[in-house]
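Asker: no sequence on this one, just coordinates:
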């Protein structure tokens, strides 16, 4: 990625209204944007280096495992997982995970749909 594209990516990443996290093939968080930190009420430093499994409600672990398999087999996974926020509430979050062919990094775009779901 050249410098101009890297700067544009960083601008979009930092200012997006949706949460965005970059993950590796083991679902470890490599980078996270301010919108996700705000959604979960967590600092960036408490999310970086953490597995996505630690960011979701334990009951959704099997769904995340399925998502990971589908991501690396098909290049994408859309679905909903519950994520605990720092205030003790659980957020229902739409996950859209995608990667490019033969890439070991995936982008996850997260949208809080709790109010839309009515719970």
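Answerer: Alright, I've got the coordinates. Since we're looking at a predicted model, the values are computed, not measured. Residues are numbered from 1 along each chain as shown.
Asker: low-confidence ranges in the chain?
Answerer: 1, 118-119 (pLDDT under 70).
Asker: for it, which segments count as strands?
Answerer: Here the chain has its strands, by DSSP state E, at 19-24, 29-32, 76-84, 90-98, 105-112.
Asker: distance of residue 56 from residue 64?
Answerer: 6 Å (Cβ to Cβ, to the nearest Å). For glycine as for every other residue, the C-beta is placed from the backbone atoms N, C-alpha and C.
Asker: quick check: neighbours shared by these two?
Answerer: Taking Cβ atoms under 8 Å, 6 or more residues apart in numbering as the criterion, residue 56 and residue 64 both touch residue 81.
Asker: could I get the strands of the chain as TSV with mean neighbour count?
Answerer: Below are those laid out as TSV (neighbours: other Cβ atoms under 10 Å):
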stretch	mean neighbour count
strand 19-24	20
strand 29-32	18
strand 76-84	17
strand 90-98	19
strand 105-112	19
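Asker: and the residue lying closest to residue 40 once chain neighbours are set aside, how far from residue 99?
Answerer: Closest residue to residue 40 apart from its sequence neighbours, by Cβ to Cβ, 6 or more residues apart in numbering: residue 85 at 5.2 Å. Distance of residue 85 to residue 99, given as Cβ to Cβ: 27 Å.
Asker: who has more neighbours out of the two?
Answerer: Set residue 85 next to residue 99 and count neighbours by other Cβ atoms under 10 Å: residue 99 wins out with 19 against 16.
Asker: contacts only, for that one.
Answerer: Residue 99 neighbours (Cβ under 8 Å, 6+ apart): 71-72, 75-76, 105-107.
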